[in-house]
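Visitor: Next comes the sequence, and after it the predicted model I'd like to discuss.
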Amino acid sequence: MEKRSIIKKGLIWASNHPLWMIILFFLIFPFIMPYKALATLILINGLFSLGFNILYGYTGLLSFGHAAYFGLGAYGVGILLVRYQVSVWTALLSSIIISGLGALVIGFFCLRRRGIYFALLNLAFAQMLYFIGFQWVSLTGGEVGLRNIPTPPLQLPGFSIDIYTPLRFYYFTFIFVTIALIVLKRILDSPFGRVLEAIRENESRARAIGYHTNHVKWLSYIMSGVFSGLAGGLYTLYMHFVGIEYLYWTTSGMVVMMTLLGGAGTFFGPFIGAGVYLYLEDIISIYTKHWMIFVGSIFFLCVLMFPEGIWGRVKSRIDRLKTS
Amino acid sequence: MLTVVNFAHGAFYMWGAYAGLLAMEYIGNFWVALVIVPIVVGGVGMLLERFAVRRLYGLNPDYPLLLTFGFSLVMIEIVRIIWGTADHPFSSPPALQQPVNLGLFFFPSYWLFVIVVTMVVLVLLWILLKKTDIGLIIRAGTRDSLMVKVCGIDISKIWLLVFGMGTGIAGLAGILAAPMRGVYPEMGITMIVECFVVVVVGGMGSLVGAIYSGIILGIVVSFTTLIYPPMANIVIFLVMAVILLIRPSGLFGEKGLLE
Amino acid sequence: MEILRTENLTKNFGGLTAVNRVNFVLEEGRLQSIIGPNGAGKSTFFKMISGEHVPSSGKIWFRGEDITGLPQHEISHRGIATSYQITNIFPKLTTFENVRIAVQSRKTTFNFWTRADQHDDLNGKAIRILETVGLLEKKDILACNLSHGDQRHLEIAIALATDPVLLLLDEPTAGLNPAETVETMELIKKISKGLSVILVEHKMKVIMNISETITVLHDGQVIAVGSPEEIQENETVRKVYLGGKKE
């Protein structure tokens, strides 16, 4: 009895202070995972899902082409490091700008249609980038991708540091994820964030009460692209490699699955989804290379049984606890 | 009319091709396979509708798309387990291996056969939709399913049928395409994207538009292949972008039906 | 002074003419009703004024300016708000947020960095509007969990929250029982002070009780304009609208 009420209070506190909860948790995260690489992967993919979640979870726009922005960020960093020997900062910053610009252009076209058409238009344009990446061998390395990406030390005022040990890279990623989380939290709590939710709930009414919904959606799309691009850039730094499959539809599908598994439109959801997805992949792929059959089935059942996702489920329980 | 265009069609298309492969192995007769495969694939499609997709009607319209995505991942993986990831050749039936002389040039007879079959299917579909009672119900149902329910018609049976037909035709397309394009696990997704581009360019819900845009895109691709081959895969997306810019509803789309 | 004028306003859907050369004038501060059988084109007429449909031909003048074919959000900012016949709210947001987001539309869209719940001016105004429509106690309930009657009031509240000059009420009492209808009628009387209102209604009691002028639409065309008494006496109206029967 006693124990349950403590758990109950803890959960309520956690859901009221999602930002601090998640930052604290990620601070100790690498030490509770079986190995640190998995923690870093979860963080990066969680960031990717976070970007996707802005668009799907909060604005109600389902995209099946977010590989485009992850890939643009990843290739941005890769190409700049390999071909232009820039610093880590320049590479990451440029990758954000590149994916933002990509989202600006592609978003403009995709947002001319709604619903399923919007979702598949994204897929089509992402496939276009995939084919471009595939053909433009002199820039992207084509089918082989970019290998042996240099690992320049991170320049900080006064000194530079090698960030490529598992733990250091984890905390390097952690800093970016923390900043992204704080920024996202502020945006979601801002008047703009409320407009996003209003569009998700009822776009035509949002337009009727005077919001230029197309501009709002476009901006949300670009933000989503920027977060995804940052994730892609970090991923390249982490892997020292960019593969053509980053731009492939499987990557788009992965982020959709992670976000939905965790809970679209919730703050914790993307990270929980990324965690579950990667953990499953990690375990199952020991036994069979066909782990996708399990992940696909789980996703299938998830949509059928609890489309609100894992944290969405937990959250609605907590909300009920609060009122009781 | 197909408001439930989804990933399943890609998956069933792919399964159609593999089912064809299987049928050729055990039956060895292309013509028999051509009849059996669509029926079997359509049957599986109906099972999917009956036990999964149906539960999502009336909820978020994105859910069927997500569900069928998960489903097609599983289907792709099953195929990979059985046949591996490699491309499988699929030979066209011996009777159709000679090119035919069309006066001006020679044309592969199998392609001609595919065109004829496609025409027949289209005409049958058109008759079904426009001339029969079931067609009337389907057309009414896609506009206002509540009204049809009020009229005392069991619309769920109709959806089952429509879904079965849609997936069956996808299966038929799969086996027909197999000799031309080979058989590989991800052929479905490739096909979905291509078809989708055709639909966007032609205009949603417009059969004539789809045919014209298919022809236009085909010509554009052939020319690009001649001039600058690396662009061949990319150019259709550029055409799509231009169409979206100047005519968001597509070449033959009706403006009022956009949403 | 006239606030709204339409000139030969027409809307075709394919072969069907929903609204046919309608000339309509509303004086500032008045409450004018539009009646007519189902399919007479009342909702389409509204949707053209609010910018949801682009007219096939004809003009709309609002406060002396041509607003024909302007985008919907812009028309909203000029001061025209609609309360819809089919409840059109934000279902998974709270009652309060439904109104607050509408209030916010007058102030800011692209504000990313302040907390939405700390804009006291917006919050205060939303509270006042909820009080006016009698939903203050239910402000924290999700809109989808409200009763139908409350949702109809919320619908009006959202429209009111955008500070309209002209309010278009499309069957505000749709689906309400007699007691709720009376309540809504009183509400409309209360809020219409100082506003110009066009009301579409089916319930004759409501119309006769609160309208100053009535326009009768039939097959997309205006067949009569006049005071409630005049309309009741009008023979053409009786024929088409009441099917020739006397009440």
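Guide: Good, I have the coordinates.
Visitor: Enumerate the residues of chain A near chain C.
Guide: By C-beta under 8 Å from any C-beta of the partner chain, the residues of chain A that approach chain C are A:186-187, A:189-195, A:197-198, A:201-202, A:204-213, A:215-216, A:219. Using the backbone N, CA and C atoms, a C-beta is placed for each residue, glycine as well.
Visitor: run the last query once more with 6 Å
Guide: A:186-187, A:189-192, A:194-195, A:198, A:201-202, A:205, A:207-212 (C-beta under 6 Å from any C-beta of the partner chain).
Visitor: Can you tell me the closest non-neighbouring residue to the residue of chain C found nearest chain A?
Guide: Proximity of chain C to chain A (C-beta to the nearest C-beta) peaks at residue C:76, 3.4 Å away. Nearest residue to residue C:76 in three dimensions, chain neighbours excluded: residue A:210, at 3.4 Å (C-beta to C-beta, 6 or more residues apart in numbering or on different chains).
Visitor: which element is the residue of chain C closest to chain A on?
Guide: helix C:72-78 (DSSP states H and E).
Visitor: Buried residues, that helix. List them.
Guide: Buried residues in helix C:72-78, counted by 16 or more other C-beta atoms under 10 Å in any protein chain shown: C:72, C:73, C:75, C:76, C:77, C:78.
Visitor: could I get those as CSV with pLDDT and distance to residue C:54?
Guide: Shown next, in CSV, are the buried residues of helix C:72-78 (pLDDT from 0 to 100; distance: C-beta to C-beta, whole Å):
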residue, pLDDT, distance to residue C:54
C:72, 91, 10
C:73, 91, 14
C:75, 91, 11
C:76, 92, 16
C:77, 91, 18
C:78, 90, 16
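Visitor: Direction included, what does whatever helix or strand comes next after the helix holding residue C:76 pair against?
Guide: Following helix C:72-78 in sequence order, the next helix or strand is strand C:80-83 (DSSP H and E). Strand C:80-83 has its sheet partners listed here by DSSP bridges as strand C:166-170 (parallel).
Visitor: Show me which residues of the stretch 1-150 of chain A are close to chain B?
Guide: A:62, A:109, A:112, A:116, A:120, A:124, A:127, A:128, A:131, A:132, A:135.
Visitor: In chain C, mark out all the strands, start to finish.
Guide: Counting by DSSP state E, one finds strands in chain C at the ranges C:2-13, C:16-27, C:31-35, C:57-62, C:65-66, C:80-83, C:166-170, C:196-200, C:213-218, C:221-226.
Visitor: Extract the CA atoms of the helix or strand bottoming out on mean pLDDT in chain A and return them as PDB.
Guide: Lowest on mean pLDDT, DSSP states H and E among the helices and strands of chain A sits helix A:2-16, with a mean of 75. C-alpha atoms of helix A:2-16 as PDB (Å, rounded to 0.1, in the frame of the first residue of the first chain):
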ATOM      1  CA  GLU A   2       2.700   2.400   1.200                       C
ATOM      2  CA  LYS A   3       4.900   1.500  -1.700                       C
ATOM      3  CA  ARG A   4       2.200   2.000  -4.300                       C
ATOM      4  CA  SER A   5       1.400   5.500  -3.100                       C
ATOM      5  CA  ILE A   6       5.100   6.400  -3.500                       C
ATOM      6  CA  ILE A   7       5.200   5.100  -7.000                       C
ATOM      7  CA  LYS A   8       2.000   6.900  -7.700                       C
ATOM      8  CA  LYS A   9       3.400  10.200  -6.400                       C
ATOM      9  CA  GLY A  10       6.600   9.600  -8.300                       C
ATOM     10  CA  LEU A  11       4.800   9.000 -11.600                       C
ATOM     11  CA  ILE A  12       2.700  12.100 -11.100                       C
ATOM     12  CA  TRP A  13       5.700  14.200 -10.300                       C
ATOM     13  CA  ALA A  14       7.500  12.800 -13.400                       C
ATOM     14  CA  SER A  15       4.700  13.600 -15.700                       C
ATOM     15  CA  ASN A  16       4.500  17.100 -14.300                       C
END
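Visitor: Quickly name whichever of the buried residues of helix C:72-78 is closest to residue A:54.
Guide: For these, the closest approach to residue A:54 (C-beta to C-beta) belongs to residue C:73, at 21.9 Å.
Visitor: Count the neighbours of residue 109 for me.
Guide: By default, I'm working from chain A. The tally of other residues near residue A:109 (other C-beta atoms under 10 Å in any protein chain shown) stands at 20.
Visitor: nope, chain C
Guide: 18.
Visitor: Kindly state the pLDDT recorded for it?
Guide: With respect to pLDDT, residue C:109 scores 77.
Visitor: try residue C:101
Guide: Reported pLDDT for residue C:101: 92.
Visitor: What strand or helix carries the residue nearest to it when sequence neighbours are not counted?
Guide: With C-beta to C-beta, 6+ apart as the criterion, residue C:101 has its nearest non-adjacent residue at 4.8 Å, and that residue is residue A:198. Using DSSP H and E, residue A:198 sits in helix A:191-201.
Visitor: Can you spell out which helices and strands pack onto that helix?
Guide: The contact analysis (3 or more C-beta pairs under 6 Å, 6 or more residues apart in numbering or on different chains; DSSP states H and E) places helix A:191-201 against helix A:213-239, helix C:95-104.
Visitor: same thing but at 8 Å, please
Guide: On a contact count with 3 or more C-beta pairs under 8 Å, 6 or more residues apart in numbering or on different chains; DSSP states H and E, helix A:191-201 meets helix A:203-208, helix A:213-239, helix C:95-104.
Visitor: re the thing from before, whichever helix or strand comes after the least confident helix or strand of chain A: which residues count as buried?
Guide: Counting by DSSP H and E, the next helix or strand C-terminal to helix A:2-16 is helix A:18-32. Across helix A:18-32, burial judged by 16+ other C-beta under 10 Å covers A:18, A:21, A:22, A:26, A:29, A:30.
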